[in-house]
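[1] what follows is a predicted protein model with its sequence.
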Amino acid sequence: MASPPGGVFVGECAGQPPELALSRTVSAPKGAIVALVVCQIGLHGCLQGARLAVPLQVLQLGYSPWAVGVAMTMFALLPALLAIPAGRLADRYGYHRPVRIAAAMSLAGALLAAGVSHLVALCVAAALCGAGSGFGMIAIQRTGSRLASSAAERLRVFSWIALAPALAGLGAPLMAGLLMDHLGFSAAFAALAALPLMTLLVSQRVPRETSVTFDKNVGPRHSGWVLLRDPAFRRLLFLNWLVSASWDVLGFALPILGVELGLSAAALGGVLVAYAAAAVAVRLLIPLLAERLSRKCLLVSALWLTAISFAAYPLLQHAWQMAICAALLGVALGSVQPAILATLHDLTPRERYGDALALRSMTVHLSMTAMPLLFGAVGASVGAPVLFWMMALALSVGGVESFRLSRGALDSDG
């Protein structure tokens, strides 16, 4: 389990005795949690809007689909490379400095794309927007965990924070799409630049840590890699990778499967809406039931439900059947991320929260960089159904591993 707190937050608690300040802090003040959610919406919204606008502008400039693939890869490559430095910076300086850097990168990326219509500039913009979102996410999740005082409260906090990507994914692409249609790409990117500015403004509502959390007794900063020596930590990273790969498989293989079945674009859109709505709903529900929920049950049941859903997908013939299956996936994948993040922090000393989140972020973004190439090769050679079944098999292995993890790290879950 995590060690006692290594720092005190100030803001609402300033001027009070240390004992009172700490107790007020770890009760996860609502204003601070709302600020964390809004800050991540700003960074992730800029990323999601750019993920829509960049490939469309690359194509409009006359470049090939291969160039689009290169540009899209940049969204994940730089966050993977910067994850470890981002975690170290968050552990050493707390929340505000990393988030200012993240917002500055996102702002620079959006403004660059607004001002320069060239493939190289768009690739750099994609890298900066992706890096800003990934860099800030580590600091936001780390701070959310440190504002919680119990396992149930940590699950509740991470459920609220997990709403941010879903909300950003719904609003920012719609805004960017409307602006691109009516005012052009420059206007769309300029509007996206306002989102990291919102992050900078709202970040001032997050309490500050008065002490550096880095403990000189735990070794040099690069020793964050020592976390990988823990079998439970490695197992949790594997489960997290499975969840990330599941999202990627669904987004990649579902359109292919739908086309093979002759489904319309509107029908496939309805399937994805069912998934998104269920994911948002379960993340709204978890904070209300956190005291009664077991992370062990959430993690184990979510992985097995996802495996069953993936195995069933290729056997379905109608859009309404796929929508029901997508809703089940939304419930499973929407609930598992808060459980994984809460467990990650239980396995990690407080002075290593940033390092742990960095390793998680790095594996996710490396997967986002490499897995689409693998999916394309598998899908082209054996078809989308086999891709679903391969993922179901991998998730079944993850279900077994989650049982092994639950016998240790999750048994103390309250």
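    Cool, got the structure.

[2] how about the helices in the stretch 101-250 of the chain?
    Taking DSSP state H, counting those that start in this stretch as the test, the helices found in the stretch 101-250 of the chain are 119-146, 151-182, 185-202, 231-260.

[3] so which of those is the most packed in?
    Using mean count of other CB atoms under 10 Å, the stretch among the helices of the stretch 101-250 of the chain with the largest mean neighbour count is helix 119-146, at a mean of 26. The C-beta positions use only the backbone N, C-alpha and C, and glycine is treated the same way.

[4] what's the angle between that helix and helix 185-202?
    Helix 119-146 runs at 20 degrees relative to helix 185-202, counting by axes from the mean of the first three to the mean of the last three CA atoms, to 10 degrees.

[5] so, low pLDDT: which residues of the stretch 151-300 of the chain?
    Applying pLDDT under 70 to the stretch 151-300 of the chain flags residues 170, 209-224, 251-252, 265-266, 269, 289-293.

[6] nearest the geometric middle of this protein, what residue?
    Central residue of the chain (CA atoms, centre = their mean): residue 165, 6.8 Å from the mean position.

[7] for the closest residue to that one other than its chain neighbours, give its distance to residue 346.
    Nearest residue to residue 165 in three dimensions, chain neighbours excluded: residue 44, at 5.0 Å (CB to CB, 6 or more residues apart in numbering). Relative to residue 346, residue 44 is positioned 25 Å away (CB to CB, to the nearest Å).

[8] okay, the two: which has more neighbours?
    A direct count of neighbours by other CB atoms under 10 Å for residue 44 and residue 346 places residue 44 higher, at 27 against 18.

[9] quick one: the strands in the stretch 201-350 of the chain?
    208-209 (DSSP state E, counting those that start in this stretch).

[10] looking at this, residue 80 is in a helix?
    Yes - looking at residue 80 with DSSP: H, G, I helix; E, B strand; the rest coil, it is inside a helix.

[11] quick check, it in contact with residue 365.
    Yes - with contact defined as CB atoms under 8 Å, residue 80 reaches residue 365; the gap is 3.7 Å.

[12] between these two, what contacts are shared?
    Overlap of the contact sets of residue 80 and residue 365 (by CB atoms under 8 Å, 6 or more residues apart in numbering) consists of residue 134.

[13] related to what we said a few turns ago, dump the residue contacts of the residue nearest to the centre of the chain.
    Contact partners of residue 165, counting by CB under 8 Å, 6+ apart, are 40, 44, 48.

[14] give me the distance between the second one and residue 339.
    Counting by CB to CB, the gap between residue 44 and residue 339 amounts to 20 Å.

[15] residue 225: how many residues sit nearby?
    Counted with other CB under 10 Å, the neighbours of residue 225 add up to 10.
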